[in-house]
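In: model the structure of this input:
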Amino acid sequence: MKTLCITLLVATVCLGKAHALWCYRCENEPSNWNCVRSAKCAESEKFCTTIVTTTGLGKDSDYRVSKRCVPTCTENFVDTGRGSVSTKCCESSLCNISGATSVKTSGAAIAVGLLASFLYVLRSEL
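Out: Numbers count the residues shown, from 1 in each chain. Just a heads-up that it's a prediction; the model follows:
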């Protein structure tokens, strides 16, 4: 049993060194809760990005979030008064969990995202 645990630990560490960037992916979703699918990025894609778009004012406002892998990324925030677009970039697996434009990702948020992804994969295979 001890040998098996050590073997699994070594395998996990070795696999982590290979390119294996994973990002959450969704397109133009009205809620961050709809963005829990993760996907492995292509070798050329080095960043995860979250783009949050808001349009309108008050009760007529609309919120949309898109997440994906990208080869290059520039963070920005543009506010026109009638809407805004915010782009956030990060470089570690599943770092684009947050749909908020100004919230730093916490360890707890990453853990919840990993759990949601794991449960989604299990549900898909049943």
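In: and stretch 84-93, what's its mean pLDDT?
Out: Stretch 84-93 shows a mean pLDDT of 95 in the predicted model.
In: got any ranges where this structure has weak pLDDT?
Out: Flagging of the chain using pLDDT under 70 yields the residue ranges 1-19, 100-118, 121, 124-126.
In: can you give me the helices for it?
Out: Listed from the start of the chain, the chain has helices (DSSP state H) covering 2-17, 107-125.
In: next, the contact list for residue 73, please.
Out: Contacts of residue 73 were listed using CB atoms under 8 Å, 6 or more residues apart in numbering, and they are 47, 49, 87, 89. The C-beta positions use only the backbone N, C-alpha and C, and glycine is treated the same way.
In: name the nearest residue to the first one, ignoring sequence neighbours.
Out: Nearest-residue entry for residue 47: residue 73, 4.1 Å, with adjacent residues in sequence omitted and distances by CB to CB, 6 or more residues apart in numbering.
In: next, the contact list for residue 42, please.
Out: Taking CB under 8 Å, 6+ apart as the contact definition, residue 42 lies against residue 69.
In: can you start the count at 308 instead of 1 from here on
Out: Renumbered: residue one is now 308, and that last one reads residue 349.
In: in contact with residue 375, which residues are there?
Out: For residue 375, the contacting residues are 330, 332, 334, 355-356, by CB under 8 Å, 6+ apart.
In: let's go with 10 Å and repeat that
Out: Under the criterion of CB atoms under 10 Å, 6 or more residues apart in numbering, the contact list for residue 375 reads 330-334, 346, 348, 352, 354-358, 403.
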